[in-house]
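Asks: Have a look at this prediction, sequence included:
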Amino acid sequence: MTLNWPQVWLSLRVAGLATLGALVIGLWLGWLITTREFIGRKATLVVLALLFASPVVILAWVLLRPAFPWQAGAAVGVLAALPPIVLGARRPMLELNREFGNAARSLGCSEWRIFWRVMLPLGWRPILAAAGVAFARVLAEWSIVAAL
Amino acid sequence: MTHARIGSARLDIDLPLPDGITALFGPAGAGKTATLQAIAGFMRPERGRILIDDAIVFDGESGVNLAPRRRRCAWVGARDALLPHLTVRQNLLFAADRWARLERTRRAAEMLERFELADALEMRPRGLTPARRLRAEVARALMTEPKVLLVDDRDAEGNAGRVADEALLRLVRGAFDGAVLWVTGNLDLCYSSADRLALVDLGRVVACGPARELMEYPESVEAARLVGISNLYPATIAALDPGRNQSRLECADFYLTGPYLKGHFKGDRVWVGIRAEDVRVHAGELEPGVNFVAVNLLRMTERPRTVRLEFAGGIAAEISREQYAMQKDNKGWQVQLPPAALRVF
């Protein structure tokens, strides 16, 4: 059997772009959820759980057919990749914040600096794992769409 | 001036923090950590006002609530918070990003020297003992040139032995001349190294004042209990004699002669207290002197250096092992409560 290389490349591109986009939004959202009390915090988590439970890319394809370019797939893929990243990174972020967050804040660090200098160097492993799960999810859904 | 007045459902604290080391002592759950967190800004009280070096950082009425990073409060929590992926030196530099690189390096080197950590500067926190980790963390906290240093108690958190000791407080005293609030469960440390002592229980300050004075002459029975005076008896003043500087106190089971009590009247209900270490123990057949009470021995507890004897009537005595060795064959027992060691509140 020969692989359809352009198709494989396209799928990887869609999944990769979606994961990257979701990482940027997801880490920001995850840090916000763990460090701030804001109205709608619980609601955000519920929405994320719903996104996790539904096949987002396939649904979008069903709704938008026949016009569904790969760029649209990547954009919707961000929504599909967001829940695994936020929910997967929440626990390590919570722990890191509890352990080092307040100490760093009292040293005069901004949230931004804590994120870059504390959270990322210490929490990149679980975040990478979550990103892997997100990537696999978008890849699988996009493959189904592409095959149909 | 630094002053914390904190009110919330379970907390009603009024604590002045002059320059120097103030020890915060109290049983678990008394609100020590909550007080620290409110001052540092991690917990928002419902009411009150917190001043740090004359600046209002929290005011319940006007709604002022400064972010922790703007309070210039150095905070060292009960758990290790040195960043594990950085060396000790990098940890200190992490706290000093306000300064240019050269200045930062110089300050870090100076601080490490001061806290006797020069041999550990390239080590990761994991390689240090808990006591030195605390030392490094205090050094890091002082890198920011704070107005107040807040240190939580680290002895309870599963660390073997005492983590904070006299040596560390001496170093802190040398490196920082602002207000220090040090939570500790170690009364010996309060006595040896703190300028002031604040006793807290059930979310309020029971007593606050110069450490040694407060431990020697507590003002209330709650304060006496907290500073470890275990023999406490309700009593009635039976007689007062200012001429001979004496008073006569009637307890439930015995009479005591005490010093003259200023500001009290005959018939007042008071509490009499005495430290177990100040109670003297004699054989039953000895001729009774002033404040001798004949008692029955209930139980005996051996400690490494001392023996604690508990007698009927709620009197406990703590005597050295040598003394106990001389007395252990006593048929009957008498205790002596020296008038000078009696505390009346």
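Replies: Nice, thanks for sending it over.
Asks: For the residue of the stretch 101-250 of chain B found nearest chain A, give its distance to B:P18.
Replies: Nearest residue of the stretch 101-250 of chain B to chain A: B:T144, at 5.5 Å (Cβ to the nearest Cβ). To be clear about C-beta, it is placed using only N, CA and C from the backbone, and glycine gets the same treatment. Distance of B:T144 to B:P18, given as Cβ to Cβ, to the nearest Å: 21 Å.
Asks: can you check B:D201 too?
Replies: Relative to B:P18, and taking Cβ to Cβ, B:D201 is found at 22 Å.
Asks: residues near A:L23, how many?
Replies: For A:L23, the neighbour count with other Cβ atoms under 10 Å in any protein chain shown is 21.
Asks: ok, for the residue of chain B positioned farthest from its centre, nearest residue in space, not its chain neighbours?
Replies: When distances are taken from the C-alpha mean of chain B, B:E285 lies farthest, 40.7 Å away, according to Cα atoms, centre = their mean. Residue nearest to B:E285 in three dimensions, not counting chain neighbours: B:G332, with 6.8 Å by Cβ to Cβ, 6 or more residues apart in numbering or on different chains.
Asks: ok, now which ones touch the one you found?
Replies: B:283-285, B:294 (Cβ atoms under 8 Å, 6 or more residues apart in numbering or on different chains).
Asks: Of these, which belong to strands?
Replies: Among those, DSSP state E puts B:283, B:294 in strands.
Asks: most neighbours, which of the contacts of B:G332?
Replies: B:A294 (15 neighbours).
Asks: ok, back up a step: between B:T144 and B:P18, who's got more neighbours?
Replies: B:T144 (19 against 12).
Asks: was I right about the more buried one contacting B:W75?
Replies: No. Taking contacts as Cβ atoms under 8 Å, B:T144 lies outside contact range of B:W75: 10.4 Å.
Asks: Up against chain B, what does chain A have?
Replies: Contact residues, chain A versus chain B (Cβ under 8 Å from any Cβ of the partner chain): A:99-100, A:102-110, A:113, A:117-118, A:121-122.
Asks: tell me the contacts of the nearest residue to B:N231 once chain neighbours are set aside?
Replies: Ranked by Cβ to Cβ, 6+ apart and with sequence neighbours excluded, the top spatial neighbour of B:N231 is B:I274, at 4.8 Å. Going by Cβ under 8 Å, 6+ apart, B:I274 touches B:229, B:231, B:337, B:341-343.
Asks: Average pLDDT for the helix or strand B:L171 falls within, rounded please.
Replies: Assigned by DSSP states H and E, B:L171 belongs to helix B:166-175. Helix B:166-175 comes out with an average pLDDT of 92.
Asks: which outside residues touch it?
Replies: Contacts of helix B:166-175 (Cβ under 8 Å, 6+ apart): B:21, B:111, B:114-116, B:131, B:134-135, B:138-139, B:142, B:149, B:180, B:182, B:189, B:192-194.
Asks: what residues does the lengthiest strand in chain B touch?
Replies: If you go by DSSP E, chain B has its longest strand at strand B:231-241. Residues outside strand B:231-241 that contact it (Cβ under 8 Å, 6+ apart): B:221, B:224-225, B:246-252, B:255-256, B:260-261, B:264-276, B:279, B:314-316, B:344.
Asks: can we see that at 7 Å?
Replies: Outside strand B:231-241, the residues that touch it by Cβ atoms under 7 Å, 6 or more residues apart in numbering or on different chains are B:221, B:224-225, B:247-252, B:260-261, B:264, B:266-274, B:276, B:279, B:314-316.
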